[in-house]
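1. mind looking at a prediction? Sequence and model below.
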Amino acid sequence: MEESSDMQITVAESSEQQTQTESWVPKLDMIFESEDKAYWFYCNYAKELGFGVRKHFVKRRSSGQVYCRVFSCYKEGFSRNPKEGKKPRADTRTGCKAHFTIRINEQGQFRVTEFDPVHNHDLIPKPVPNPDLNTNLPVPKTLKNPKTLKPVQQIKKFVPLKCTGTGTSTSTSTSTASGMSSESSVPKMDMEFEDADVAYLFYVNYADSIGFSVRKHYVKKRASGLVYSRTFVCHKEGFKRKRGDEKGERKPKPYDRTGCPALLTVHITKNGKFRVTEFESKHNHPLVIPSKAHLVKWRWRKKYPSHLQNLLEEEEEEELGFENEGENENEDMDISTLVPVNCINYTRSKRKEGCMRDGELGEIMKYFQEKQIMDPGFYYSLQLDPFDRVTNVFWNDSKSKFDFEIFGDLICFDTTYRYSENVRPLVLFLGLNNHKQIILFGSAFLYNESEESFKWLFESFKNSMRGKKPKVVLTDRHVAIPDWLSEIWEGIERRFCAWQVYNEALSYLNSVFVGSNTFDKEFSRVLYDFEELEEFEFEWDKMVKEYDLSSNDWLNDLYKEREKWAPPYNREIFCGDIRNSLRKENFSSLVRKYSNQELEFREFIRDFEIKLEVIRENELRADVRIDNQVQLFPFARILKQGFDFYTLEIFRVFQAEFEFSLDFMIYPTSQTDMIYEYRVKNGENPKEYFIKFDATNTLINCTCKKFEFVGIPCRHVIKTLDIINIKELPEKYLLNRWSKNAKRISSVRFDETSAFNADPNGSDFARRYGHLCGLLSKVAIRGAESEESYNLIESLSDRVFNQICHVLIRSRNAS
């Protein structure tokens, strides 16, 4: 009986072991959510058996999508003959046939189609841990000083998202990380980070507390450019290369490499975050005592953003404080003798390092002087720092001023350079003309991003336009514009630009954009397309759940500020549908391609002028099409009115609204005196809209607020006007900024906000002079666009001047 029971226990144990074994052994027709999960599953299997894995073969569709992957044993194939002077491989390949193949199915998942477990070489057995091995080495006394172990505060925020591992890495080296840092700052397996940069900074913080430096050693990218794996190593990893054959001498490194094995590897997960997949803590060299770390030229200092590097230096100065550690025998040493002479030129201003090169200011000033000779209306302004160095530059020309006079009700303050690396800090003031084309109002180099600099920039723009103010300014979410904007332009509205939000998302959600073929489309729809609040809220929740982004801090902050950028909110603020024009390739996107910091200023400004000329040429062609377009005879009077008034691009939008209005039904709801209210709905859509019409002044409002938001009457208003027998739009609903004649001299109104008007409190002569300057400036701008118009203006100028002289003589004789 006892033998029988023992046999049953043995069978049960073997059955349990077999079940556990089967869970990690690959089988045909297994399904994985992604190729990465299949790869890591096979790696885990290989780890248990004792062999390495190589990504052997990949097949892609024309779109770049991977549809087949083959993972093989690391001894697959045969070693090639090593090149002359190259060290041969230590692990000779044996042509091993073991492999693991996956192929994508209709649901987008990956299915195992081939699995060969047979190897033609010996496998490496798993190491058995030694319980007698003691890794708790004593901590040197110099590291027990809590002041020397104080971590840099700015880096402490780079704490991993979660830690599920136990950090089982052990070390028998003479230098070890065990016990030298707090539990929260020591890397562990399966830690997760928002991105690879955060993981890097976390490892740097760990290295700083231990006493070594970090190098970015290895990176793996997909064909799309997405980084999916990163390895960071000790600064003494590898061995020094021989450079005897190179011409010239290089500056020797301040340290020798020893082949140190310490490293940290992170790999991307499905939700775009990075997980620690490999961590080795042991070093084969002595570590640096933290109290002496400031004397070592760490390489990772160069990798920090300038503001972090400055803060690190400031905190180290406060932390170290030139304290006596028992090594300085002369306590009365004069510290001032240690300060370099050139420190007297140091400034605390947050200037972008490397943006303005030596001699570049001279090239900029030369360009401005040449422009002023060719264009008397050219304007520029410079801002100096406390040491009289140029830190910010602004400029615009006469054409920009002319455009702002007509289309200056809306400004997009473009600072998208902030989400690109190694580009000039080029800021653009953009607008929208009557053809729905992006136009330029002004440009600037913003080397200093302080609140004071932004205020100076807007004041410079205001001065260049002689006080004329816009109605709405669209900006980036993070631009430092608090209450002072209303001091510069009283009563102005500020909203966040959806196009700049999209560019910001490309930076903060880059791994999600690249890792999914559909996220770009879904995010753009939520950002631009939904004008109904219910649809917007539903689609947003759907997107967050589908892509597992509920824990993304940036996206959550964006949602909290949705009232400042989402189309369903604040629709009474005019935005002119500029968001859709910015989505197309516009002047900003063209210039950004050629704003690399490495380019000389003359090369940059040449490309800038070429792109500016292109957009102005396109605008001129659109103006010419107005006079040459074929006359249409629409079947409705309101369409004929729109065709005669609007430019072709705006008429197409208006025509689409008219066609949509044909499907709507209208129902009267109430009447109070001469005010009528109606309910409008589409039979296929349960959504209802409400119209209020005042017969005394033909004022009509719709709850969709399309006219207030875009400046074009909506389909609901058009339907209502037709029902109440008003066959043409009231004049107040025909915005001059969308008209064919918007740029005609007679259509430009010179009021108290005119950029060319003189002081209204001045003399009559000054007011007339200011008015005529603006009038003739517009004539000059339009007349210079072609040789024929130039000759016409020149031939008429003498005749006009003679007539003016005759008028003045008659008026003087009469008086």
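-> Structure's in. What do you need? Residues are numbered from 1 along each chain as shown.
2. buried residues in stretch 466-475?
-> 466, 468, 469, 470, 472, 473, 474, 475 (16 or more other Cβ atoms under 10 Å). Where C-beta positions appear, they are placed from N, C-alpha and C, glycine not excepted.
3. for the stretch 51-200 of the chain, which segments count as helices?
-> In the stretch 51-200 of the chain, the helices defined using DSSP state H, counting those that start in this stretch lie at 196-210.
4. where do the strands sit along it?
-> Here the stretch 51-200 of the chain has its strands, by DSSP state E, counting those that start in this stretch, at 53-60, 66-73, 99-104, 110-116, 192-193.
5. so which of those comes closest to residue 446?
-> Among these, the nearest to residue 446 by Cβ to Cβ is strand 192-193 (31.0 Å).
6. quick one: pLDDT of residue 240?
-> Model confidence at residue 240, given as pLDDT, is 73.
7. verify the stated contact: it with residue 258.
-> No: assessed by Cβ atoms under 8 Å, residue 240 is found out of contact with residue 258, at 9.5 Å.
8. by mean pLDDT, flag the weakest helix or strand of this structure.
-> Within the chain, no helix or strand scores below helix 306-320, which has a mean of 43 by mean pLDDT, DSSP states H and E.
9. can you show me the CA trace of the next helix or strand after that one as PDB?
-> Once helix 306-320 ends, the next helix or strand along the chain (criterion: DSSP states H and E) is helix 360-374. Extracted in PDB, the C-alpha atoms of helix 360-374 (Å, rounded to 0.1, in the frame of the first residue of the first chain):
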ATOM      1  CA  GLU A 360      25.700  84.800 -37.200                       C
ATOM      2  CA  LEU A 361      24.400  88.100 -35.800                       C
ATOM      3  CA  GLY A 362      26.400  89.900 -38.500                       C
ATOM      4  CA  GLU A 363      24.800  87.800 -41.200                       C
ATOM      5  CA  ILE A 364      21.300  88.500 -39.800                       C
ATOM      6  CA  MET A 365      21.900  92.200 -39.600                       C
ATOM      7  CA  LYS A 366      23.200  92.200 -43.200                       C
ATOM      8  CA  TYR A 367      20.000  90.400 -44.300                       C
ATOM      9  CA  PHE A 368      17.800  93.000 -42.500                       C
ATOM     10  CA  GLN A 369      19.700  95.900 -44.100                       C
ATOM     11  CA  GLU A 370      19.300  94.500 -47.600                       C
ATOM     12  CA  LYS A 371      15.600  93.900 -47.000                       C
ATOM     13  CA  GLN A 372      15.100  97.500 -45.800                       C
ATOM     14  CA  ILE A 373      16.700  98.800 -49.000                       C
ATOM     15  CA  MET A 374      14.400  96.700 -51.200                       C
END
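10. each with direction, which strands does the following helix or strand past helix 360-374 pair with?
-> Counting by DSSP H and E, the next helix or strand C-terminal to helix 360-374 is strand 379-384. Sheet pairing here is set by DSSP bridges, and for strand 379-384 it gives strand 390-396 (antiparallel).
11. how far away from the center of its chain is the strand it pairs with?
-> Put simply, strand 390-396 sits 23 Å off its chain's centre (Cα atoms, centre = their mean, to the nearest Å).
12. what does it contact?
-> Contact partners of strand 390-396, identified using Cβ atoms under 8 Å, 6 or more residues apart in numbering, comprise 349, 351, 356, 361, 364, 368, 371, 378-385, 429, 440-448, 453, 456-457, 460-461, 464.
13. please pick the buried ones from those residues.
-> Buried, going by 16+ other Cβ under 10 Å: 351, 356, 364, 368, 371, 378-383, 385, 429, 440-448, 453, 456-457, 460-461, 464, out of the contacts of strand 390-396.
14. quick one, helices of the stretch 351-500 of the chain?
-> Per DSSP H, counting those that start in this stretch, the stretch 351-500 of the chain carries helices over the ranges 360-374, 398-407, 451-464, 484-488, 498-508.
15. where among these is the average confidence lowest?
-> The minimum mean pLDDT among the helices of the stretch 351-500 of the chain belongs to helix 484-488 (a mean of 79).
16. what comes into contact with that helix?
-> 451, 455, 458, 459, 462, 473, 492, 494.
17. thinking again about what came up before, please name whichever of the strands of the stretch 51-200 of the chain is nearest to residue 533.
-> strand 192-193 (34.7 Å).
18. which strands and helices sit next to the closest one?
-> Here strand 192-193 touches strand 274-280, going by 3 or more Cβ pairs under 8 Å, 6 or more residues apart in numbering; DSSP states H and E.
19. which residues touch the strand it packs on?
-> Residues from elsewhere that reach strand 274-280 (Cβ under 8 Å, 6+ apart): 40, 160, 165, 167, 169, 187-196, 198-199, 230-231, 261-269.
20. which among those count as buried?
-> Looks like the contacts of strand 274-280 have 40, 160, 167, 169, 187-189, 191-196, 198-199, 230-231, 261-269 buried, using 16+ other Cβ under 10 Å.
21. any stretches of the stretch 151-300 of the chain with poor pLDDT?
-> 151-183, 224, 241-255, 289-300 (pLDDT under 70).
22. from the buried residues of stretch 466-475, pick the one nearest residue 663.
-> Among the buried residues of stretch 466-475, and counting by Cβ to Cβ, the member closest to residue 663 is residue 472, at 31.9 Å.
23. any idea of the pLDDT on the closest one?
-> Taking residue 472 on its own, its pLDDT is 91.
24. ok, now the one 10 residues further on?
-> Residue 482 is assigned a predicted lDDT (pLDDT) of 64.
25. for residue 35, same thing?
-> pLDDT, read off for residue 35, is 84.
26. tell me, how many residues neighbour it?
-> 21 (other Cβ atoms under 10 Å).
27. begin at 837 from here
-> Sure, I'll start counting at 837 from here, so that last one is residue 871.
28. close enough to count as contact, it and residue 938?
-> Yes: applying Cβ under 8 Å as the test, residue 871 and residue 938 come out as touching, 6.4 Å apart.
29. touching both of these two, which residues are there?
-> 905, 946.
30. what's the local residue count around residue 943?
-> With other Cβ under 10 Å as criterion, residue 943 counts 9.
31. ok, the closest residue to residue 1408 other than its chain neighbours to residue 945 distance?
-> Among residues not flanking residue 1408 along the chain, residue 1544 sits closest, at 4.7 Å (Cβ to Cβ, 6 or more residues apart in numbering). Remark: distance between residue 1544 and residue 945 (Cβ to Cβ, to the nearest Å) = 48 Å.
32. thinking again about what came up before, most tightly packed of the helices of the stretch 1187-1336 of the chain?
-> helix 1234-1243 (a mean of 22; mean count of other Cβ atoms under 10 Å).
33. any idea how far that one is from the chain center?
-> 29 Å.
34. just stretch 1096-1106 next, same as before
-> 26 Å.
35. equivalent analysis for stretch 1399-1419, please.
-> A distance of 19 Å separates the centroid of the chain from that of stretch 1399-1419, by Cα atoms, centre = their mean.
36. with only the CA atoms kept, save it in PDB.
-> Provided in PDB are the C-alpha atoms of stretch 1399-1419 (Å, rounded to 0.1, in the frame of the first residue of the first chain):
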ATOM      1  CA  GLU A1399     -12.500  73.200 -23.600                       C
ATOM      2  CA  LYS A1400      -9.500  75.200 -24.900                       C
ATOM      3  CA  TRP A1401      -8.900  73.100 -28.100                       C
ATOM      4  CA  ALA A1402     -11.700  70.700 -28.900                       C
ATOM      5  CA  PRO A1403     -14.100  71.800 -31.700                       C
ATOM      6  CA  PRO A1404     -17.300  71.200 -29.600                       C
ATOM      7  CA  TYR A1405     -16.300  73.800 -27.000                       C
ATOM      8  CA  ASN A1406     -16.300  77.600 -27.200                       C
ATOM      9  CA  ARG A1407     -17.700  77.700 -30.800                       C
ATOM     10  CA  GLU A1408     -18.700  81.300 -30.400                       C
ATOM     11  CA  ILE A1409     -14.900  82.200 -30.900                       C
ATOM     12  CA  PHE A1410     -14.000  82.700 -34.500                       C
ATOM     13  CA  CYS A1411     -11.300  80.300 -35.700                       C
ATOM     14  CA  GLY A1412     -12.000  80.300 -39.500                       C
ATOM     15  CA  ASP A1413     -11.500  76.500 -39.800                       C
ATOM     16  CA  ILE A1414      -7.700  77.200 -39.800                       C
ATOM     17  CA  ARG A1415      -7.100  73.800 -38.200                       C
ATOM     18  CA  ASN A1416      -7.900  72.000 -41.500                       C
ATOM     19  CA  SER A1417      -5.700  74.400 -43.500                       C
ATOM     20  CA  LEU A1418      -2.800  73.800 -41.100                       C
ATOM     21  CA  ARG A1419      -3.200  70.000 -41.600                       C
END
